[in-house]
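Novice: From the sequence below, what's the structure:
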Amino acid sequence: MKTFFIVPGIAACAALLACVPGGAVAPAFAAAEPTADHAASTGHAHHEAAAMSDAEMARQVAAWYATHPRVGTSAVASDPELLGADATFSASGFQFNADGSTGTPIDTVHIDVGQTVLWQWVSGLHTITSGTGSTDPNVGLIFDQPLDTSNRQFFHTYTSGGTFPFFCSIHEGLNMRGVVIVNDPVGVPPGAGARVGFAAEPWPNPSAAGVSFRFNLAVDGRVRADVIDARGRFVATIVDRPFAAGTHGASWDGRDAGGKAASGAYYLRLHVPGFTGGRSFVLTR
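Specialist: Next comes the predicted model:
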């Protein structure tokens, strides 16, 4: 289930973001306007990272966890309670990707308190480390887990509102970062004002690995989402469990019962209380 992205350059400037885990404010991070010397050194770092072998990355991961405890518990997507992750980051090359575009240097997802984010391995060796960077005094306080062929997924459920940056300790110099913004709604009924059914189309589309999508419920109820091929044959069930009213997300990893699903057109069929419908997408290999 590998995807190969074109690796974007490091952003010239990134907005300052404050990390607020549990109310404690950590230093913000920013990518300053590069000088000529910095640009040269950055290009050199990019070249070195691109040439880094899996063995070298594995040594760096081991060195990181020799001095930093692993925080959080890895889980697998076969766990029914985790199939309906509300937002997903894929890790490939030197980027955490949540919007399906390799042109976004630092992707950001927006969720509500009590919702869950999934990090999905695609290629390379990485860490998922909370904080603004390795010098953050609160580094790894919320979670710090490897993401590789042996640890392909990590989930975290956010229990408080705030802005929560994270990064890969191995590719920190290449600005491999992401941000989770957690909204703490007060006095707003879940799902109020949102259309029932699909809240976001399947993305990326076309895709080489799988797709993510979002859906909305006006009331609590059971949700089922299946993948059907162009001939109307069942391929996979993405989610089949109760959800609370509100907006949620889910992902399909591009696999059927036999392994990687073949290239072609597919149909995502969604059932939520008060809505039954579908969206088409294309899988490429």
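Novice: any idea what residue 105 is structurally, helix, strand or coil?
Specialist: coil (DSSP: H, G, I helix; E, B strand; the rest coil).
Novice: For it, give its distance to residue 231.
Specialist: Distance of residue 105 to residue 231, computed by C-beta to C-beta, to the nearest Å: 40 Å. (Glycine included, C-beta is placed from N, CA and C.)
Novice: What of residue 180?
Specialist: Distance, residue 180 to residue 231, by C-beta to C-beta: 39 Å.
Novice: And for residue 195?
Specialist: Distance of residue 195 to residue 231, computed by C-beta to C-beta: 30 Å.
Novice: Pretty sure residue 179 sits against residue 108.
Specialist: Yes - the criterion here is C-beta atoms under 8 Å, and residue 179 meets it with residue 108 at 4.3 Å.
Novice: Those two: who's more crowded?
Specialist: Set residue 179 next to residue 108 and count neighbours by other C-beta atoms under 10 Å: residue 179 wins out with 23 against 17.
Novice: mind listing what the helix or strand where the more buried one lies pairs with, with the direction of each?
Specialist: Using DSSP states H and E, the element containing residue 179 is strand 177-183. Sheet pairing of strand 177-183 (DSSP bridges) gives strand 107-112 (parallel), strand 162-167 (antiparallel).
Novice: Could you check which of residue 105 and residue 231 is surrounded by more residues?
Specialist: Higher neighbour count among residue 105 and residue 231: residue 105, with 17 against 7, using other C-beta under 10 Å.
Novice: hey, what's residue 154 bridged with?
Specialist: residue 119.
Novice: oh, I was asking about residue 278
Specialist: Beta-bridge pairing for residue 278 (DSSP bridges): residue 269.
Novice: correct me, but it touches residue 268?
Specialist: Yes - with contacts counted by C-beta under 8 Å, residue 278 reaches residue 268, the gap being 5.7 Å.
Novice: the more surrounded of these two?
Specialist: The residue with more neighbours, out of residue 278 and residue 268, is residue 268; 22 against 17, by other C-beta under 10 Å.
Novice: pLDDT score for residue 9?
Specialist: Note on residue 9: pLDDT of 41.
Novice: and residue 56, that one's in a strand?
Specialist: No - Residue 56 is assigned helix when assessed by three-state DSSP, not a strand.
Novice: Right, I'll call it a day here.
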